[in-house]
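Novice: predicted model, plus sequence, below.
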Amino acid sequence: MNRRMQLNVLRDADLFIPYRGGQAEFLDDYEHRCVAFIGGWGSGKTWAGARKLVNLHVINSSDDRGRPTGVKGLTIAPTYQLALTVNVPEIGRALSEAGLTYRFSGDGRHFCFTVNELSTDDQPSQILVRSAERADRFAGFEVGHLWGDEAGRWKTDAADLIGDVMLQAEGRLRSPKARICQACYTFTHEGDCTRVYERFEMAGAAGGDDASIAVYRAMTDDNPLMREYARHKRLTLPPLLAAQYLDGRAISLRGNAVYPVFDPRQHLDASLTLADDLPLHLSMDFNIEPGMHGVLGQFMQQEQSLTAVHEIHEPRMDVRRMLAALRDLIEREYGGWRWPKLALFGDATGRGKWAGTGQSCWDMVREGLRLADLPFSLHVPRANPSVSDRVNAFNCALWGMDGRVRYRLHPRCKLLMRDLREMKWSDGELDKRDRSLSHASDADGYRVFELLPIRRAEKIARAGTVGFSD
């Protein structure tokens, strides 16, 4: 058995794959205990991670005398849903490209690949699939190699060692029969307050104090198949976000403004009003203390821009008082209902049922609007987007690389304006020590993310069979 399995290479001069630099260096490194491939969107991280995992699995499947070892591999995705939609298909393609057949089991007891050619009757050759959401379940097995994808998005808590995905995963990396014990990580940075930033940029990069770690990098533009995508994104992303999501660099979030691109001269507009022919939008954030917040605005679809014209808030405001205040505002300012419908956006946690009533916040909203005989539609996700995704979408709406402003607010929205001026990051989290801050921007942030999200390239179109090893 060769020490290193060679994957097929499509020799197409127009593709230049494998491209030189970080991607190829990551694939070629079998010396360091831990290797990271940090890159922009579409730089081929997941593609490379799957093939490196398969290479390691073949290397570790037999000892120096060619006897099967049964060494297990492990892949970790941010969630099981992402594992099934991204990682499992990519690993399957990598196995097929290597000429290996496999069975994938996705039932509750076994969530893994079994590689047929590398298995024996009493010793299956398996690649386990796990979610970073449940690091507490990383127990009862040992592996010789692992690949963690999108590690920059794994949740971490310095006080929760059982939930530390890297700590628990690498605790499994101890198979005595493995010829190469290696942990591989692929990710795009999500700021400089993450676990991967501290581990790979502070300790593992050039000049760091951990010689067991190697870090490789690539920009989106380095991938020939993504150059047109990168060119387009550089026209729409602000420079800081382009540096992070296209160049693969971590932007600084320590002590920085959450909405650094907010400029009252560009974003405040006292002439804003609610057009009669467009749906009315109400974005809500549910809180008992200091109370609910609502933002009333509209979406100009042709211009791809949003407005915030009114905000609704009172101390300890609940759903019923919010709807009553909405009716009063409509009667007082506009003389009654006049819009095609009311579109509702907001906090997904409002789906939870209250023990006392058996209703959720959104149930009460629906009931109140039906009683008021108002046409409405709900645009609430099953789960809230990550804070970083929501904030990044809001910043891109405030100001894009192309100079366009896609979000404006009326100066009467004082709570929202204060959020955009004063919100800060603290250790990678929104600083909410002032309990009056964040709720208005949280509320309308859900609407911005829904209607003007930052689009990612999840899949790269390829022709033929593409491999990365020489």
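Specialist: Nice, thanks for sending it over. Everything numeric here is computed off the predicted structure, so don't read it as measured data. Residues are numbered from 1 along each chain as shown.

Novice: show me where the stretch 101-250 of the chain has helices.
Specialist: 165-171, 195-196, 227-236, 239-245 (DSSP state H, counting those that start in this stretch).

Novice: just the ones you listed: most buried one?
Specialist: Compared across the helices of the stretch 101-250 of the chain, helix 195-196 shows the largest average neighbour count, a mean of 22 (mean count of other C-beta atoms under 10 Å). Using the backbone N, CA and C atoms, a C-beta is placed for each residue, glycine as well.

Novice: burial count for His110?
Specialist: The tally of other residues near His110 (other C-beta atoms under 10 Å) stands at 14.

Novice: do the same with the one 4 residues further on
Specialist: Here the neighbour count serves as a burial measure; for Thr114 (other C-beta under 10 Å) it reads 16.

Novice: these two touch, right, it and Gln123?
Specialist: No. Using C-beta atoms under 8 Å as the test, Thr114 is too far from Gln123 to be in contact (10.9 Å).

Novice: got a list of contacts for stretch 73-88?
Specialist: 46, 50, 53, 56-57, 60, 91, 104, 106, 111, 126-133, 143-151, 153-154, 165, 169, 172, 458 (C-beta atoms under 8 Å, 6 or more residues apart in numbering).

Novice: CA atoms only: put that stretch into PDB for me.
Specialist: C-alpha atoms of stretch 73-88 as PDB (Å, rounded to 0.1, in the frame of the first residue of the first chain):
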ATOM      1  CA  GLY A  73     -11.800   8.600  10.500                       C
ATOM      2  CA  LEU A  74     -14.000  11.400  11.700                       C
ATOM      3  CA  THR A  75     -15.600  14.400  10.000                       C
ATOM      4  CA  ILE A  76     -17.300  17.200  11.900                       C
ATOM      5  CA  ALA A  77     -19.700  19.700  10.400                       C
ATOM      6  CA  PRO A  78     -21.300  22.700  12.100                       C
ATOM      7  CA  THR A  79     -24.700  20.900  12.100                       C
ATOM      8  CA  TYR A  80     -26.100  17.500  11.000                       C
ATOM      9  CA  GLN A  81     -28.100  19.300   8.400                       C
ATOM     10  CA  LEU A  82     -25.000  20.800   6.900                       C
ATOM     11  CA  ALA A  83     -23.200  17.400   7.200                       C
ATOM     12  CA  LEU A  84     -26.000  15.800   5.100                       C
ATOM     13  CA  THR A  85     -26.200  18.600   2.500                       C
ATOM     14  CA  VAL A  86     -22.500  19.400   2.100                       C
ATOM     15  CA  ASN A  87     -20.000  17.100   3.700                       C
ATOM     16  CA  VAL A  88     -21.500  13.700   3.200                       C
END
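
Novice: what comes up buried for it?
Specialist: 73-80, 82-83, 86-88 (16 or more other C-beta atoms under 10 Å).

Novice: that stretch: how far from the chain's middle?
Specialist: 13 Å (C-alpha atoms, centre = their mean, to the nearest Å).

Novice: same thing with stretch 420-438?
Specialist: 21 Å.

Novice: rounded mean pLDDT for that stretch, please.
Specialist: The predicted model assigns stretch 420-438 a mean pLDDT of 86.

Novice: which residues of the stretch 351-470 of the chain score low on pLDDT?
Specialist: 351-358, 401, 455-470 (pLDDT under 70).

Novice: which stretches of it form strands?
Specialist: For the stretch 351-470 of the chain, applying DSSP state E, counting those that start in this stretch gives strands covering 376-379, 407-409, 425-426, 429-430.

Novice: need these in a markdown table (columns: distance to Arg227 and mean neighbour count).
Specialist: As requested, the strands of the stretch 351-470 of the chain are exported to a markdown table (distance: least, C-beta to C-beta, whole Å; neighbours: other C-beta atoms under 10 Å):
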| stretch | distance to Arg227 | mean neighbour count |
| --- | --- | --- |
| strand 376-379 | 34 | 13 |
| strand 407-409 | 29 | 23 |
| strand 425-426 | 32 | 16 |
| strand 429-430 | 35 | 14 |
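
Novice: among those strands, which comes closest to Asp444?
Specialist: Asp444 lies closest, by C-beta to C-beta, to one member of the strands of the stretch 351-470 of the chain: strand 407-409, at 8.5 Å.

Novice: element containing the spatially closest residue to Arg130 that is not a sequence neighbour, please.
Specialist: Nearest-residue entry for Arg130: Ile76, 5.2 Å, with adjacent residues in sequence omitted and distances by C-beta to C-beta, 6 or more residues apart in numbering. Here Ile76, judged by DSSP states H and E, is contained in strand 73-77.

Novice: check Ile312 too.
Specialist: Per DSSP H and E: strand 305-313 holds Ile312.

Novice: on the three-state scheme, Thr46 is what?
Specialist: Thr46 falls in the helix class when you classify it by DSSP: H, G, I helix; E, B strand; the rest coil.

Novice: for the nearest residue to Gln182 once chain neighbours are set aside, list each beta-bridge partner.
Specialist: Distances taken as C-beta to C-beta, 6+ apart place His145 nearest to Gln182, at 5.3 Å, with adjacent residues excluded. On the basis of DSSP bridges, His145 is bridged to Gly73, Gln182.

Novice: doesn't His57 make contact with His145?
Specialist: Yes. Counting by C-beta under 8 Å, His145 touches His57, with 6.6 Å between them.

Novice: return every residue with contacts to both of the two.
Specialist: Val71, Gly73.

Novice: so where is the stretch 201-350 of the chain shaky, pLDDT-wise?
Specialist: Using pLDDT under 70, the stretch 201-350 of the chain drops low at 203-209, 254-255, 350.

Novice: tell me how far the spatially most central residue of the chain lies from Ser43.
Specialist: Nearest to the mean C-alpha position of the chain, by C-alpha atoms, centre = their mean, lies Arg153 at 5.7 Å. As defined by C-beta to C-beta, to the nearest Å, Arg153 lies at a distance of 16 Å from Ser43.

Novice: for Thr156, see how far away Leu167 is.
Specialist: From Leu167 to Thr156 the distance is 10 Å (C-beta to C-beta).

Novice: equivalent analysis for Glu422, please.
Specialist: Taking C-beta to C-beta, one finds Glu422 at 26 Å from Thr156.

Novice: same question for Thr69.
Specialist: Thr69 is 33 Å from Thr156, by C-beta to C-beta.

Novice: now do Ala132
Specialist: Distance from Ala132 to Thr156, by C-beta to C-beta: 9 Å.

Novice: more crowded one of the two?
Specialist: Neighbour totals were compared for Ala132 and Thr156, and Ala132 leads with 26 against 19 (other C-beta under 10 Å).

Novice: now do the contacts for that one.
Specialist: By C-beta under 8 Å, 6+ apart, the neighbours of Ala132 are Ile76, Ala77, Pro78, Thr79, Gly148, Ala151, Trp154, Lys155, Val165.

Novice: out of the helices of the stretch 101-250 of the chain, nearest to Ala440?
Specialist: Here helix 239-245 is closest among the helices of the stretch 101-250 of the chain (C-beta to C-beta), at 22.5 Å.

Novice: just the CA trace of that closest one, in PDB.
Specialist: Taking C-alpha atoms only, helix 239-245 is exported to PDB below (Å, rounded to 0.1, in the frame of the first residue of the first chain):
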ATOM      1  CA  PRO A 239     -13.800  46.500   2.200                       C
ATOM      2  CA  LEU A 240     -13.600  44.900   5.600                       C
ATOM      3  CA  LEU A 241     -16.000  42.100   4.700                       C
ATOM      4  CA  ALA A 242     -14.300  41.500   1.400                       C
ATOM      5  CA  ALA A 243     -11.000  41.200   3.300                       C
ATOM      6  CA  GLN A 244     -12.500  38.500   5.500                       C
ATOM      7  CA  TYR A 245     -14.800  36.600   3.100                       C
END
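
Novice: cheers, nothing more for now.
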